[in-house]
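# below is the structure, and that's it, no one-letter string:
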């Protein structure tokens, strides 16, 4: 079973989101597997990546997507550390991945208003600095070349481009590669190796897609995970997709604010959240992007995202006699604090515009100061000078 969501009949030809999610933790032909090869390239079993793929699937099933979820295909190869996932989906073997990818592309090709969503979590390597090879469940199985049971993200994206045979393919596509991008030293012994092509690369057609790629590691770096938990990248990503990466989407016809996660706001928030996780865990998780970066809505949020706001007052001496009032854009007081004020002032506020008013008793040598500031997820730093 790979098709875990199928709403195609209910959508009756309307645009929809089509997802392909792959999580590989068990590698039978690497160190610790049932049939390891003689030289497994210093690669072994994982314990968090199948769980990560399941968490991404759980999110997309309930997310407020720009177009409804039409299909979700899930392939999982859980490790012994992930027993709850046994039998939850078909294994992420090469044959299964090729079959489900073909069906995914077929569904995504029914309407240019569709959205295609791709997520891979598992072992990854690279052949050059721009590369990202995704290692499937039966990676390094013999006979056959070493990369026969691996695919690469460049070929996947190329095969999802508009072409004469696919004039109606989704023009909005999101790709997430949650894998290492380290080059095994053993590759230097061989001529450039080829992966198995998930699709043929069409040369014709105008590529007018929005198709960003979000990588969990920069070139020559490993992706990190909490053992038997989830990857650090997915933890940051899910925090961003559920609020930390929120931004304004304008207003509805009644003038009510709309909120969501955009390509641009996700990129900005991911950098911040990964930095915060690194500080918290003493880790060295990296992050980068690729593909065609145009702004698009990834998901909507039902409420304004919360923002961690830090307010500093200059000079610090003003805090001893200052009174702070913060008004939202409806002129409602959201924060009121009398002297003496802490320095800095930290508060969690819904995203939006705020009017900061500082008044003083006695007034000399300071005068009342009013300043408009924006609170934008995931955090904002405000500074007010009162002299």
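Okay, I see it. Owing to the predicted nature of the structure, the values given are computational and were not obtained by experimental measurement.

# which residue ranges form the strands in the stretch 101-250 of the chain?
Along the stretch 101-250 of the chain, the stretches classed as strands by DSSP state E, counting those that start in this stretch are 115-121, 124-125, 133-135, 150-152, 172-178, 211-215, 246-251.

# sheet partners, orientation included, of the third one?
The partner list of strand 133-135 in its sheet, established with DSSP bridges, is strand 124-125 (antiparallel), strand 150-152 (antiparallel).

# now do the last one
Applying DSSP bridges to the sheet, strand 246-251 is found paired with strand 257-262 (antiparallel).

# what are the contacting residues of the strand it pairs with?
Applying C-beta atoms under 8 Å, 6 or more residues apart in numbering, the contact partners of strand 257-262 are 64, 66, 240-241, 245-252, 269, 295-305, 351-352. All C-beta spots, glycine's among them, are computed from the backbone N, C-alpha and C.

# quick one: which of these sit in helices?
residue 269 (DSSP state H).

# ok so, going back, out of the strands paired with strand 133-135, which is the most enclosed?
Comparing the strands paired with strand 133-135 by mean neighbour count (mean count of other C-beta atoms under 10 Å), strand 124-125 comes out on top with a mean of 26.

# any idea how far residue 364 is from residue 170?
Separation of residue 170 from residue 364 (C-beta to C-beta, to the nearest Å) stands at 64 Å.

# more neighbours, these two?
Comparing residue 170 with residue 364 by neighbour count (other C-beta atoms under 10 Å), the higher total belongs to residue 170, at 29 against 7.

# now for the strands paired with strand 133-135, which one comes closest to residue 325?
Evaluated with C-beta to C-beta, the strands paired with strand 133-135 place strand 124-125 nearest to residue 325, the distance being 51.3 Å.

# what secondary structure does residue 264 sit in?
What DSSP: H, G, I helix; E, B strand; the rest coil gives for residue 264 is helix.

# quick one, what contacts the residue most central in space within the chain?
With distances taken as C-alpha atoms, centre = their mean, residue 237 lies nearest the centre of the chain, 4.1 Å away. Shown in contact with residue 237 (C-beta under 8 Å, 6+ apart): 56, 176, 214, 266, 270.

# which residues does residue 195 contact?
By C-beta under 8 Å, 6+ apart, residue 195 lies in contact with 133, 147-148, 150-152, 155.

# wait, I meant residue 76
By C-beta under 8 Å, 6+ apart, residue 76 lies in contact with 22-24, 50, 53-54, 85, 88-92.

# from those, which shows the smallest pLDDT?
The member of those with the lowest pLDDT is residue 88, at 85.

# phi, psi for that residue please.
phi -70, psi -30 (degrees, to the nearest 10).

# now do the one 10 residues further on
In terms of degrees, to the nearest 10, the main-chain angles of residue 98 are phi -60, psi -40.

# just the pLDDT at it, thanks.
pLDDT for residue 98: 97.

# would you convert the contacts of residue 195 into TSV that also reports pLDDT and distance to residue 38?
Listed next are these as TSV, based on pLDDT from 0 to 100; distance: C-beta to C-beta, whole Å:
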residue	pLDDT	distance to residue 38
133	96	21
147	95	17
148	95	17
150	96	18
151	97	24
152	95	25
155	94	28
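
# quick check: the farthest pair among those?
148 and 155 (13.8 Å).

# could you give the mean pLDDT of stretch 169-188?
On average, stretch 169-188 scores 93.

# list the buried ones in that stretch?
169-184, 187 (16 or more other C-beta atoms under 10 Å).

# now list the buried members of the contacts of strand 257-262.
Taking 16+ other C-beta under 10 Å as the criterion, what is buried in the contacts of strand 257-262 is 66, 240-241, 245-249, 269, 296-299, 301, 304-305, 351-352.

# what separation is there between the residue lying closest to residue 365 once chain neighbours are set aside and residue 301?
Leaving out its chain neighbours, the residue that sits closest to residue 365 by C-beta to C-beta, 6 or more residues apart in numbering is residue 387, at 7.1 Å. Noted for residue 387: a distance of 39 Å to residue 301, by C-beta to C-beta.

# residue 353 too?
Using C-beta to C-beta, residue 353 is found at 17 Å from residue 301.

# show me which positions of the helix or strand hosting residue 311 end up buried.
In this assignment (DSSP states H and E), residue 311 forms part of strand 306-314. Judged by neighbour count (16+ other C-beta under 10 Å), strand 306-314 contains these buried residues: 306-309, 311, 313.

# may I have the strands that pair with the helix or strand that it is followed by, each with its orientation?
Next along the chain after strand 306-314, taking DSSP H and E as the criterion, comes strand 322-328. Strand pairing for strand 322-328, using DSSP bridges, gives strand 333-337 (antiparallel), strand 352-360 (antiparallel).

# chain center to strand 322-328, what's the gap?
How far strand 322-328 lies from its chain's middle: 36 Å, per C-alpha atoms, centre = their mean, to the nearest Å.

# ok, stretch 373-387 next?
On the basis of C-alpha atoms, centre = their mean, stretch 373-387 sits 26 Å off its chain's mean C-alpha point.

# name the residues that touch it?
By C-beta under 8 Å, 6+ apart, stretch 373-387 touches 239-240, 243-247, 265, 269, 272-273, 305-315, 318, 322, 349-354, 356, 358, 360, 365-367, 369, 371.

# for stretch 150-158, same thing?
Outside stretch 150-158, the residues within contact range by C-beta under 8 Å, 6+ apart are 94, 97, 101, 118, 120, 125, 130-136, 139, 173, 175, 177, 195-199, 201-202, 211, 213, 291.

# one more time with 7 Å
Contacts with stretch 150-158, where a contact means C-beta atoms under 7 Å, 6 or more residues apart in numbering, come from 97, 118, 131-136, 139, 175, 177, 195-199, 201, 211, 213, 291.
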